[in-house]
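*Asks:* any chance you can model this:
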Amino acid sequence: MTNTVNKVIVGLQRSGIAFGPMQLLTVAGRRTGQPRTFPIAVNELDGGRYIFQAFPKAAWVANARAADTVTLTRGRRSTTARLVELPVEDRGPVLRRLVATSPASVGKRFVTTGLAEAATPDAVAAAASRIAVFRVEPA
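*Replies:* As a prediction, the model looks like this:
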C-alpha cells in the first residue's frame, strides 16, 4: 500500500502538481550511488525546515546520513540542500513542536508505525532516540 501511495505522490509531483508540505527527496543510494527518490514532508517550524523519519528503517534516512547533499523537488522546482541530522538530545523539543502544531494525524503516524507509544507531543518527544530529525540547510 505504501509503495503504491508513494508512486502516486511521486508521479503527481513530477507532473508539476505540488500539495501540502510534500516534496521529492532525491539522494544517492549509500551502496549503489544511484539516485533514489522518496516523497517526503518538509515541515516549517520556528523559522527552520525539518524532515522527520515517519517509518522505522526508512531507506532514505540511511542514504541521507551517507550523502553530502540531496535534491528537494516541489512541483517543477528543484533545489540542492544539505540535511543536518539533529543530535538525539535536540530532537525532543522539535518533535514536541511538530506534533503540537500539526493535525492529529501527524502524531498518530508515529504511533501506527511503532516509533512512539502515544500521539501526544510529550510521548513523541520521548521517542526522540527512535525518530531521525534532519534540518534542511542550503547546500
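*Asks:* how much space is there between Q53 and F110?
*Replies:* 9 Å (C-beta to C-beta, to the nearest Å). Where you see a C-beta, it was placed from the backbone N, CA and C, and this is true even at glycine.
*Asks:* shared neighbours, those two?
*Replies:* I131 (C-beta atoms under 8 Å, 6 or more residues apart in numbering).
*Asks:* these two: which is more packed in?
*Replies:* F110 (25 against 20; other C-beta atoms under 10 Å).
*Asks:* surely that one is in contact with A116?
*Replies:* Yes. Using C-beta atoms under 8 Å, F110 is in contact with A116, at 3.9 Å.
*Asks:* per-residue pLDDT of G75, please?
*Replies:* At G75, the model reports a pLDDT of 83.
*Asks:* kindly report the same for the one 4 residues further on.
*Replies:* Per-residue confidence for T79 comes out at a pLDDT of 96.
*Asks:* check for me that it belongs to a helix.
*Replies:* No. T79 is assigned strand when assessed by DSSP: H, G, I helix; E, B strand; the rest coil, not a helix.
*Asks:* ok, T26 - contacts?
*Replies:* Each residue near T26 by C-beta under 8 Å, 6+ apart is listed here: P35, R36, T37, F38, V70, T71, L72, T73.
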